[in-house]
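Asker: Attaching a predicted model along with its sequence, questions to come.
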Amino acid sequence: MADETRRTGLYDLHVELGARMVPFAGWQMPVQFPMGVMAEHLHTRSQAGLFDVSHMGQVLVTADDGQVATAAAALETLIPTDAMGLAPGRQRYGLLTNEQGGILDDLMFANRGDHFLLVVNAACVTQDIAHLQGLAGVRVTPVTDRGLLALQGPLAATVLARLVPGVDDMRFMDSRILDWDGADLWVSRSGYTGEDGFEISVPEARLDAFARALLGHPEVAPIGLGARDSLRLEAGMPLYGHDMDGSVTPAQAALGWSIPKVRRAGGARAGGFPGADVILPELGTPATLRRGLRPEGRAPIREGVAIFAAAEGGEAIGHVTSGGFGPTIGGPVAMARLPVDLAEGDQVWAELRGKRIPVTLCALPFVSPSYKR
């Protein structure tokens, strides 16, 4: 069968750098480079890692009347957030929900002054665009001529400032258009690692050159999907299709914080989004909740592993949704949706290869974020 996966504009660079390429969400993506997943993870935590995230969807939402407030009001009919209160040049995290209260996707959206820029998950692009195109009074335009990079780590700002003046004074969740050698870069100070960093949308024709310019700095190393996953897991960040999906509500996914007071019961613009009648009453009182887990020993507990209340007998009280080894932590970490009445420090049991091992509930995230506020 012919390979039907797509290639990002950096495919040739990844191969040149010795990446191991794998199919992911319909794309050929680097899972790791010769440095290896562990070293890539630790390099990002100590210096700066460069990620190709061009597989993700970039979408522009523009009101027919040219008013950003009209586009914001339209987005609020699908996303339980405060798009109308988002200042120009700022970005927020949000959720697309279904009528049953589940999560269709999670995304970032930025107020670009006269329109919004949305970044959505690769596996959900087609679904999300169709969903957004149902909005009245707006134009939904997929961006097809730009790639997307993430530069993450404590030295990310230092490196990027050498190439792109103006990034130094950006705050966490700022979004700007900045110049690099005549190319417009769409830059946000955000990311998926728990580290300070940036996501940078680059014209496709300049993507390879810009990536090489970043990699020309000794602090920067290319990072694959393997380390991206372990970094986000340590940062306590959920992954769509694993820690949340169309059957999981925002409260159950521990994402109720993304729904602001103005959209909650009693708020000025309460409800008005799909599943509001399910989602809003449950906020603060879900039966299950995404929790952090620290297994004893060094053996990781991975997605699908059953969690029990006791060392023997009984029914499973939940299942691991994400799990692996945390290089920064120096041990295994995991997340699972478990009964809300369990407390941090409580012990539960994971069934691993027919044997139950003790696991301790702990706070998320596993590592403290280092965003620039």
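Answerer: Received the coordinates, thanks. Numbers count the residues shown, from 1 in each chain.
Asker: When you work out contacts or count neighbours from here on, use the C-alpha atoms and nothing else.
Answerer: Fine.
Asker: Mean confidence (pLDDT) on stretch 91-98, please.
Answerer: Mean pLDDT, stretch 91-98: 98.
Asker: next one: stretch 353-362
Answerer: pLDDT averaged over stretch 353-362 gives 95.
Asker: now it: how far from the chain's centre is it?
Answerer: 27 Å (C-alpha atoms, centre = their mean, to the nearest Å).
Asker: ditto for stretch 360-373
Answerer: Distance of stretch 360-373 from its chain centroid, counting by C-alpha atoms, centre = their mean, is 15 Å.
Asker: Tell me the buried residues in that stretch?
Answerer: 360-362, 364-367, 371 (16 or more other C-alpha atoms under 10 Å).
Asker: Tell me which residue is most central in the protein.
Answerer: Centroid-nearest residue in the chain: residue 192, 5.1 Å away (criterion: C-alpha atoms, centre = their mean).
Asker: Dihedrals phi and psi, it?
Answerer: phi -130, psi 30 (degrees, to the nearest 10).
Asker: One more: residue 185?
Answerer: The phi/psi pair for residue 185 (degrees, to the nearest 10) is phi -100, psi 130.
Asker: Which of the buried residues of stretch 360-373 fall in strands?
Answerer: Of the positions in the buried residues of stretch 360-373, 360-362 sit in strands, assigned by DSSP state E.
Asker: Quick one: the helices in this structure, in order.
Answerer: 11-16, 37-46, 68-76, 125-132, 156-163, 204-215, 225-234, 276-282 (DSSP state H).
Asker: Out of these, flag the one nearest residue 312.
Answerer: Across those, residue 312 has its closest neighbour in helix 225-234 (28.5 Å, C-alpha to C-alpha).
Asker: any low-confidence regions in the protein?
Answerer: 1-3 (pLDDT under 70).
Asker: Isn't residue 161 up against residue 170?
Answerer: No - if you go by C-alpha atoms under 8 Å, residue 161 and residue 170 don't touch, sitting 10.7 Å apart.
Asker: Counting neighbours around each, name which of those two comes out higher.
Answerer: residue 170 (18 against 13; other C-alpha atoms under 10 Å).
Asker: Test my guess that residue 301 contacts residue 352.
Answerer: Yes - contact criterion C-alpha under 8 Å: residue 301 and residue 352 qualify, at 7.2 Å.
Asker: If you count surrounding residues, which of the two has more?
Answerer: residue 301 (26 against 15).
Asker: re the thing from before, between the ones in strands among the buried residues of stretch 360-373, which sits nearest residue 15?
Answerer: Nearest to residue 15 out of those is residue 362 (C-alpha to C-alpha; 39.5 Å).
Asker: between the helices of the chain, which one is nearest to residue 250?
Answerer: helix 276-282 (7.0 Å).
Asker: elements contacting the closest one?
Answerer: Helix 276-282 sits against no helix or strand, with contacts defined as 3 or more C-alpha pairs under 8 Å, 6 or more residues apart in numbering; DSSP states H and E.
Asker: For that helix, give me every contacting residue.
Answerer: 99-101, 249-251, 264-265, 271 (C-alpha atoms under 8 Å, 6 or more residues apart in numbering).
Asker: 7 Å - rerun?
Answerer: Where contact means C-alpha atoms under 7 Å, 6 or more residues apart in numbering, the residues beyond helix 276-282 that reach it are 100-101, 249-251, 264-265.
Asker: Next, the buried residues of that helix.
Answerer: 276, 279-280, 282.
Asker: Pull that helix out as PDB, backbone CA atoms only.
Answerer: Extracted in PDB, the C-alpha atoms of helix 276-282 (Å, rounded to 0.1, in the frame of the first residue of the first chain):
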ATOM      1  CA  ALA A 276     -23.600  23.600  28.700                       C
ATOM      2  CA  ASP A 277     -26.500  21.900  30.500                       C
ATOM      3  CA  VAL A 278     -24.200  19.000  31.300                       C
ATOM      4  CA  ILE A 279     -20.900  20.800  31.700                       C
ATOM      5  CA  LEU A 280     -21.900  23.700  34.000                       C
ATOM      6  CA  PRO A 281     -23.700  21.800  36.800                       C
ATOM      7  CA  GLU A 282     -20.700  19.400  37.000                       C
END
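Asker: Centre of the chain to that helix, how far?
Answerer: 23 Å.
Asker: With stretch 352-360 instead?
Answerer: Distance of stretch 352-360 from its chain centroid, counting by C-alpha atoms, centre = their mean, is 29 Å.
Asker: can you put the ones in strands among the buried residues of stretch 360-373 in CSV and add distance to residue 332?
Answerer: Shown next, in CSV, are those (distance: C-alpha to C-alpha, whole Å):
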residue, distance to residue 332
360, 11
361, 13
362, 12
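Asker: For the nearest residue to residue 289 once chain neighbours are set aside, give me its contacts.
Answerer: In space, and not counting its chain neighbours, residue 289 is closest to residue 252: 4.4 Å by C-alpha to C-alpha, 6 or more residues apart in numbering. Residues in contact with residue 252 (C-alpha under 7 Å, 6+ apart) are 286, 288-290.
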